[in-house]
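> below are the sequence and a predicted model; questions follow.
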Amino acid sequence: MNTGKTYGIDISFEELKLPLFHDVLILAKNAAQGKYGLGKSLDLLIPGVFEAVSTDVGHEHIEAVFINKRLLTKIPVENVIMLLKQHVFDYVGEGELIQVDMKVRISMNNING
């Protein structure tokens, strides 16, 4: 019986470059790296770049979130977590390590000076 459903798959890949220049790394529960292992690895590879966010981010599948401190100079951590909850966390599968890049654009209108 044909239900009329179609599926599409888009694949993209790129060379992994070190040091990592991603904005957010999301570590799901039961990932091979583990929260402390990934944190230690990041500190060895690129010391002082990522901030570990409390594991209580309000989603049962997420063990830890590491946010690039550069991003936190533009957006408060609470807002980043809120955006991730709304748009990303539901797509993170058990055992995954997800990299997230956020493009931040700041515009100011009607500035009187």
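All right, it came through fine. Numbering: from 1, shown residues only.

> C-alpha only now, for contacts and for neighbours.
Fine.

> residues in contact with the spatially most central residue of the chain?
Per C-alpha atoms, centre = their mean, the C-alpha nearest to the average position across the chain is that of residue 24, at 3.2 Å. Residues near residue 24 by C-alpha atoms under 8 Å, 6 or more residues apart in numbering: 65, 66, 67, 68, 99, 100, 101.

> residue 84 too?
So residue 84 contacts nothing (C-alpha under 8 Å, 6+ apart).

> counting by contacts, list what the longest strand along the chain packs against.
For the chain, the strand with the greatest residue count under DSSP state E is strand 62-68. Applying 3 or more C-alpha pairs under 8 Å, 6 or more residues apart in numbering; DSSP states H and E, one finds that strand 62-68 contacts strand 24-28, strand 50-53.

> render the CA-only coordinates of the longest one in CSV, please.
Listed in CSV are the C-alpha atoms of strand 24-28, where the atom choice follows Å, rounded to 0.1, in the frame of the first residue of the first chain:
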residue,chain,number,x,y,z
VAL,A,24,28.2,24.9,21.1
LEU,A,25,28.9,21.2,21.7
ILE,A,26,26.0,19.1,23.0
LEU,A,27,26.8,15.8,24.7
ALA,A,28,23.9,13.3,24.9
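
> pull the distance from whichever helix or strand comes after it to the chain's centre.
Next along the chain after strand 24-28, taking DSSP states H and E as the criterion, comes helix 35-45. Distance, stretch centre to chain centre, for helix 35-45: 15 Å (C-alpha atoms, centre = their mean, to the nearest Å).

> quick one on the thing from earlier: need the contact partners of the longest strand of the chain.
22-29, 35, 49-57, 89, 92.

> let's see that with 7 Å instead.
Applying C-alpha atoms under 7 Å, 6 or more residues apart in numbering, the contact partners of strand 62-68 are 23-29, 35, 49-55.
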